[in-house]
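Trainee: Sequence and predicted structure, then a few things I'm wondering about:
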Amino acid sequence: MYLFKFLILLIFYNNLSCGFVLKDNNNNNNNNNKTLFPCESNIYCHGELLHTIQLAHIFDDSKTFVDKQLIYSPKQTMVNFKSFMKCMNNKPNKSEIIMFVKNSFKDGNELEDWIPTDFKSDPEFLKQIDNTTVQKYAKELVNLWPKLARKVRDEVSNNSDQYSIIPVPHGFIVPGGRFREYYYWDSYWVIKGLLISEMSETARGMIDNFISLVQRYGFVPNGGRIYYLNRSQPPLLMAMAYSYYQHTNDDEWIKQNIEYLDRELQFWLKNRTINIQMNDNNFTVAHYCAESSGPRPESYIEDYTVASQFEDLDKQEQLYMDIKSGAEAGWDFSSRWFIDETGKNRGNLSNINTRRIIPVDLNAILCGAFKQIADMYLAINDLEKNAFWLNKNLEWRKMIESVLWDEEDGIWYDLDSELLKPRRYFYASSVAPLWMHCYNEKAGFKLGKRVAKFLESKDLLNYIGGIPTSLEQTGEQWDFPNAWPPLQDIVIEGLATSGNPDAEEMAKTFAKRWVNGNILGYLHSGEMFEKYNVLNSGQRGSGGEYIVQTGFGWSNGVVLKFIHDYFRKS
């Protein structure tokens, strides 16, 4: 029987049988299904073809398939697939599916290496570093930028329906490893590193790319693939633009683009907020909420396996939405999003309830963004918009103090929006309001002292490899014992800018420890990792759905920032 099917498949791929001919008629596929999917494509985002190929598990990483390029048009590919399934009696085996993929797809060649025109191998700040080992290391990191620099090939725009990549006009820095495209919140720390490296044109180009996405979609997707089009990531576009503006004083750029920065913030206010009532007061709060049907295309079999624990289809769909919302948060995944039957952060991915949680960091980022855009409107003398966003910032500051601040513990906590109770667990994200200055201007000194005391009470200074993401050991990558570069920056900058000497000293200790650990790991392996292990200085992190990646965009940006802030001659 298998031999018979195999012979049919050979005929099929020689264009001789099964009622069709393999050809390309350049017709786009139109999906009229009203169900909300990650994107409209019934090849890359949903449908029988995606389901059949991903469940065959012919690749170690589900992302491999959805990053491939179509050989034929989407419409012709679907015609071919339906004929293929008919020939196989709708039950193709793994070998037959492999052959179909081989003859219908090829490795995506959508990106090309790119040397940024403003790249400098020896930027000025390197000469100010007072330690020769650190100086040499920093120079090597600066020289990694061209190795991570990519540009979308021109031909992609002319045949965009045959790719999952979303074309953008300018070059960009990729994270590295399996993450071959641009990503939203990663880019904030990449841009910080680029500005330190005197690469403001490259930084502006990356921000302009995100602006172009806001123009097209009204928001910034999770990353540069169409299967990310129904979710975002922590909204740091405003912070990127503000960093660029502080570095360049480019008023003309602000005048040209502030409407799109405004539009993105309005997207979050319109689509990612809910109203809650606490202590007889009504508050608007933000949460992550990516509500589309089915598994994530790039992690299809992983999501499908978890959802299969539930027989109820609605429970499966709710799980998929919370999984995607966890990915939108950037923390994919963590006990932070787990809620068991008692309301605690216990369980596993089947207990994920991301949408129910009001995250400290998301609300702090928005609060900070409101002040940043107000300052930009003031710079271009738009006093009406300046007043609007200043009022929004004040509203959010009051909400964060009333809803998320815990006076007893001296820290901000995520809120369970159903139980209306704080989730009293340590997560590094709890320091985000200090980082985004989302508090009364006169309170920084006191808050810095209290937060430092809270962090000390959790024995965080005992971890030689960095600040842990959480203290929960779940096997998820955004939990103990992993230390993530962006969280180091959030905690360290929050402490360092509070104005409290104790907090500043703690920040200095954390920063120098992180730099020394990164150097140790780099000397040992020659690599920069996306995450590290708090128990062993410089050792790569672990856990999650894929092996630890190297490169690595935000890791390089964060450590360059710490070197710039703490290792230069006074």
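Mentor: Cool, got the structure.

Trainee: ranges for the strands of the stretch 1-150 of the chain?
Mentor: Assigned by DSSP state E, counting those that start in this stretch, the stretch 1-150 of the chain shows strands spanning 69-70, 105-106, 111-113, 149-152.

Trainee: List the neighbouring strands of the longest one plus their orientation.
Mentor: In the sheet, strand 149-152 lines up against strand 111-113 (antiparallel), strand 172-173 (antiparallel) (DSSP bridges).

Trainee: can you pull the buried residues of stretch 94-105?
Mentor: For stretch 94-105, burial by neighbour count (16 or more other C-beta atoms under 10 Å) applies to Glu96, Ile97, Met99, Phe100, Val101, Asn103, Ser104, Phe105. Where you see a C-beta, it was placed from the backbone N, CA and C, and this is true even at glycine.

Trainee: pLDDT (mean, whole number) over the helix or strand Tyr244 falls within?
Mentor: Assigned by DSSP states H and E, Tyr244 belongs to helix 237-248. Averaged over helix 237-248, pLDDT sits at 99.

Trainee: Not counting its own residues, what contacts whichever helix or strand comes after that helix?
Mentor: Counting by DSSP H and E, the element after helix 237-248 in chain order, helix or strand, is helix 251-271. Outside of helix 251-271, the residues within contact range by C-beta atoms under 8 Å, 6 or more residues apart in numbering are 204, 207-208, 211, 214-215, 218-220, 235, 237-238, 241, 244-245, 284, 286, 289, 366, 369-370, 373, 376-377, 379-380, 385.

Trainee: and with 6 Å instead?
Mentor: Ile211, Val214, Gly218, Phe219, Pro235, Leu237, Met238, Ala241, Ala369, Ile373, Met376, Ile380 (C-beta atoms under 6 Å, 6 or more residues apart in numbering).

Trainee: buried sites along it?
Mentor: Buried-residue list, helix 251-271, by 16+ other C-beta under 10 Å: Trp253, Ile254, Asn257, Ile258, Tyr260, Leu261, Asp262, Glu264, Leu265, Phe267, Trp268.

Trainee: related to what we said a few turns ago, point out the most buried one among the strands paired with strand 149-152.
Mentor: Of these, the one with the most neighbours on average (mean count of other C-beta atoms under 10 Å) is strand 172-173, at a mean of 29.

Trainee: what's the average pLDDT for that one?
Mentor: Strand 172-173 shows a mean pLDDT of 98.

Trainee: Output the buried residues of stretch 94-105 as a markdown table; include the columns pLDDT and distance to Gln309.
Mentor: Rendered in a markdown table, the data for those read as follows (pLDDT from 0 to 100; distance: C-beta to C-beta, whole Å):
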| residue | pLDDT | distance to Gln309 |
| --- | --- | --- |
| Glu96 | 98 | 29 |
| Ile97 | 98 | 25 |
| Met99 | 98 | 32 |
| Phe100 | 98 | 30 |
| Val101 | 98 | 28 |
| Asn103 | 98 | 35 |
| Ser104 | 98 | 32 |
| Phe105 | 98 | 31 |
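
Trainee: Which of the residues you listed fall within helices?
Mentor: Glu96, Ile97, Met99, Phe100, Val101, Asn103, Ser104 (DSSP state H).

Trainee: CA atoms only: put the helix holding Tyr244 into CSV for me.
Mentor: What follows is helix 237-248, C-alpha atoms only, in CSV (Å, rounded to 0.1, in the frame of the first residue of the first chain):
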residue,chain,number,x,y,z
LEU,A,237,8.1,52.5,20.3
MET,A,238,7.6,55.8,22.2
ALA,A,239,10.6,55.0,24.4
MET,A,240,12.7,54.3,21.3
ALA,A,241,11.7,57.5,19.7
TYR,A,242,12.3,59.4,23.0
SER,A,243,15.8,57.9,23.3
TYR,A,244,16.6,58.9,19.7
TYR,A,245,15.3,62.4,20.3
GLN,A,246,17.3,62.9,23.5
HIS,A,247,20.4,61.8,21.6
THR,A,248,19.9,63.9,18.4
